[in-house]
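Enquirer: below are the sequence and a predicted model; questions follow.
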There are 2 protein chains.
Amino acid sequence: MIKLVKIRPVFKFWLETDEGYVFGEGPFEILSKIQETGTLSGAVKVLKISYRQAWGMIKDIEKELGEPLLKTSKGGVSGGGGSELTEVSLALLDKYSKTKQVLAEFSKRITVDYF
Amino acid sequence: MIKLVKIRPVFKFWLETDEGYVFGEGPFEILSKIQETGTLSGAVKVLKISYRQAWGMIKDIEKELGEPLLKTSKGGVSGGGGSELTEVSLALLDKYSKTKQVLAEFSKRITVDYF
């Protein structure tokens, strides 16, 4: 009976400081897309979220960590301005994506023959 | 700088069917305490939640799975009625607590030197 019902564990994670939530899937996608597109406006376009919302998320994290996530560059080869990720951003991206990957593997392994 | 900020990954999990959430920390605690105390009223007393709330949670899961979670017994050695866990309940408890344990170990391992 129960064996016919597909029950599976679902896993979520995020990053916390002692004050609570600081970094999760939303900011992860925003920073990843800034890295890909080179600008915050490029990132929000791809993610179909508002510039205001993305900016707010970034500012909240910077306030929590006391560290900037973006360094803006003006001019450059293309002549337009852009956003680059700081070392802190890169560290967050790296740790988050590694954890995400390991958790996905763990989830897949534990879900097989759950009942 | 960032190294001084304590950032750690926080993990949560629950069980889902194709229709979504079916079993999580709340029901896990209720079923565990029923197993310990032998009655639903004993369980809610320990957990300091309302009988109505606990009963509702159990009924929702039974509806979702199409299986009873409790078998009630009348009389017995003590003369009072009690609740025993069905095989389905025991399977849910077992899988949930094993997953919880493995995830806790995983969490501890991955949190060391996160930054």
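Expert: Looks like it arrived, so ask away.
Enquirer: CA only for contacts and neighbour counts going forward, please
Expert: Noted.
Enquirer: could you report the separation of A:K45 from chain B?
Expert: 29 Å (CA to the nearest CA, to the nearest Å).
Enquirer: quick check: phi and psi on A:V10?
Expert: phi -120, psi 130 (degrees, to the nearest 10).
Enquirer: for it, list each beta-bridge partner.
Expert: In this structure, A:V10 bridges to B:W14 when assessed by DSSP bridges.
Enquirer: these two touch, right, it and B:L15?
Expert: Yes. A:V10 is within contact range of B:L15, at 5.9 Å (criterion: CA atoms under 8 Å).
Enquirer: any idea where the helices of chain A begin and end?
Expert: Taking DSSP state H, the helices of chain A run over residues A:25-37, A:40-47, A:51-65, A:87-111.
Enquirer: now A:L85, nearest residue through space, not along the chain?
Expert: What sits nearest to A:L85 in space, not counting adjacent residues and going by CA to CA, 6 or more residues apart in numbering or on different chains, is A:L70, at 4.8 Å.
Enquirer: neighbours around that neighbour, how many?
Expert: 22 (other CA atoms under 10 Å in any protein chain shown).
Enquirer: can you put the helices of chain A in a markdown table and add mean neighbour count?
Expert: Formatted as a markdown table, the helices of chain A follow (neighbours: other CA atoms under 10 Å in any protein chain shown):
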| stretch | mean neighbour count |
| --- | --- |
| helix A:25-37 | 18 |
| helix A:40-47 | 18 |
| helix A:51-65 | 15 |
| helix A:87-111 | 16 |
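Enquirer: closest to A:E19 out of the ones you listed?
Expert: Minimum separation from A:E19 across those (CA to CA) falls at helix A:51-65, 8.3 Å.
Enquirer: next, the angle helix A:87-111 makes with that closest one.
Expert: Between helix A:51-65 and helix A:87-111, the angle comes out at 100 degrees (axes from the mean of the first three to the mean of the last three CA atoms, to 10 degrees).
Enquirer: show me what helix A:51-65 is packed against.
Expert: strand A:20-23, helix A:25-37, helix A:40-47 (3 or more CA pairs under 8 Å, 6 or more residues apart in numbering or on different chains; DSSP states H and E).
Enquirer: extract the C-alpha set from it and format it as CSV.
Expert: Output in CSV follows, covering the C-alpha atoms of helix A:51-65 (Å, rounded to 0.1, in the frame of the first residue of the first chain):
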residue,chain,number,x,y,z
TYR,A,51,15.7,45.8,-10.4
ARG,A,52,14.4,47.2,-7.2
GLN,A,53,13.8,43.7,-5.7
ALA,A,54,17.3,42.5,-6.7
TRP,A,55,18.9,45.6,-5.4
GLY,A,56,17.1,45.3,-2.1
MET,A,57,18.3,41.7,-1.7
ILE,A,58,21.9,42.7,-2.3
LYS,A,59,21.7,45.6,0.0
ASP,A,60,20.2,43.5,2.8
ILE,A,61,23.1,41.0,2.5
GLU,A,62,25.7,43.7,2.4
LYS,A,63,24.2,45.3,5.6
GLU,A,64,24.1,41.9,7.3
LEU,A,65,27.7,41.0,6.4
